[in-house]
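Engineer: Below is the structure, and that's it, no one-letter string:
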DNA sequence: AATAAGAATGCAACTTTGTTGCAAAATACT
DNA sequence: AGTATTTTGCAACAAAGTTGCATTCTTATT
C-alpha cells in the first residue's frame, strides 16, 4: 500500500484512482498547487469537475490546506502529518510566494508570530504569506 | 471639491463619474470590498468592465490595496493617507475576516510582526489575515 | 467471489467571473 | 471652444466554477 492510499484510508475516504493520482501530484510537488496546476497534470484522465470535488473533499478532511492569494487563484498544499491525522488544521507556518517564479511554498519551520487583536475580536485562524525572491531564484538571478 | 475628487486628482487620474462613484463606495464602506460588492452597488450605472478597469487603476495608483482570501474573491480596501500620497504601498497592518458576518476589515492599529525567513529568501511584502469573530458579531451573538 | 448499497465520476448544461478590441463618449489641455 | 487623449460601454469571447443526473466504481456483507 503506497502513501497516497494510506492517507486516503486514514482519512476514511474511499480509494479511487482519481484521488490517488491527485494526492500523488501533491506528494510529488515541492510547492503549493492551484486548481489549474492539477488540471494541467491530469485533466486528460480525470474530469475538471472531479478535480474540484476532490480538492473540496481533501480540504474538508484536512489532507490539504489552502493558501490565500491576491490573484484569485487559491493554492493548496499538503498538510503535515499531525494535521492529517487529527482531522483538522494545525497549520501554523508561514507561506512564501516567489515574485520571480511564482511558486508558493510552505515554510514549515517558520511559525507565525502571534498578534494581539483589539478588544472585542476573537481569533480563530491566522494566515501569513510573505512574498519576495526564493532560494532557488536568488541563486539563478545574481543581483547586479 | 469633495474627497473622492481630491484623491483622484492627487493620484493624477482624470476625474470621471464612475471613478468618483466607486471611490465613494470605498469611502462609505467600513470594510473591504470584493469586485462583486461593488458591482452590486453600481452595475446599473457602470459597466462591469469599467469596474474591473477602475479597480485595476486604483491598485496601480496605490489608492486601494488588495487583501488575499482563500475563496477566490480578492477584496480591496482603501489605503491610508500616507499610502495614497506616496504612490506606493505602506500597508503594514493586519486584516481581519469575520467568520460570522464575512466582513473583512483593516486593523490599522495592528501592525504585522516581523518574521525571520530561512537563509536564501528575501522579503518583499508580508500579508497577514486573521479570521475569527469581530467586535460587532461578538456583541450580537452572546456565547452560550 | 458475488452482490447490493452507497459513493464517486463523467457528462452536459449552465452561471459566474474575467478579458479584449473597438467605436463612442467624456475629460483635460491650450 | 476645439482637439488630443482617456475612459467608457458594448459585444464577443475565454476561463473558472457549479449542479443534476445517469453510469461506474468501492466497499461492506454475505
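Structural biologist: Looks like it came in fine. Worth saying up front: this structure is predicted, and the values here are computed from it rather than measured. Residues are numbered from 1 along each chain as shown, chains lettered A, B, ... in the order given.
Engineer: The nearest residue to residue A:104 once chain neighbours are set aside - how many residues pack around it?
Structural biologist: Spatial nearest neighbour of residue A:104, chain neighbours left out: residue A:32 (4.1 Å); criterion: C-beta to C-beta, 6 or more residues apart in numbering or on different chains. C-beta coordinates here come from the backbone N, C-alpha and C atoms, glycine included. Under the neighbour criterion other C-beta atoms under 10 Å in any protein chain shown, residue A:32 is assigned a count of 24.
Engineer: Enumerate every residue touching residue A:32.
Structural biologist: Neighbouring residues of residue A:32 by C-beta atoms under 8 Å, 6 or more residues apart in numbering or on different chains: A:67, A:75-77, A:95, A:103-106.
Engineer: Point to the residue nearest the middle of chain A.
Structural biologist: Relative to the mean C-alpha position of chain A, the nearest C-alpha, by C-alpha atoms, centre = their mean, is the one of residue A:77, at 1.2 Å.
Engineer: which ones are touching that residue?
Structural biologist: Residues in contact with residue A:77 (C-beta under 8 Å, 6+ apart) are A:26, A:31-33, A:64-65, A:67, A:95, A:104-106.
Engineer: now, which of those lie within helices?
Structural biologist: Here DSSP state H is the test, and the contacts of residue A:77 give residue A:26 as lying in helices.
Engineer: is any part of the longest helix that chain A contains close to DNA strand D?
Structural biologist: Residue-count comparison of every helix in chain A, with assignments taken from DSSP H, identifies helix A:48-61 as the longest. Yes: using C-beta under 7 Å from any atom of the strand, helix A:48-61 comes into contact with DNA strand D via A:48-49, A:52-53.
Engineer: Between which two of those is the distance greatest?
Structural biologist: Farthest pair in the residues of helix A:48-61 next to DNA strand D (C-beta to C-beta) is A:48 and A:53. Separation: 9.8 Å.
Engineer: Can you show me the strands along chain A?
Structural biologist: Counting by DSSP state E, one finds strands in chain A at the ranges A:33-34, A:64-67, A:75-78, A:93-98, A:104-111, A:122-133.
Engineer: Rebuild these as CSV, extending it with distance to DNA strand C and mean pLDDT.
Structural biologist: As requested, these are exported to CSV (distance: least, C-beta to the nearest atom of the strand, whole Å; pLDDT from 0 to 100):
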stretch, distance to DNA strand C, mean pLDDT
strand A:33-34, 13, 98
strand A:64-67, 15, 96
strand A:75-78, 15, 96
strand A:93-98, 18, 96
strand A:104-111, 18, 94
strand A:122-133, 18, 96
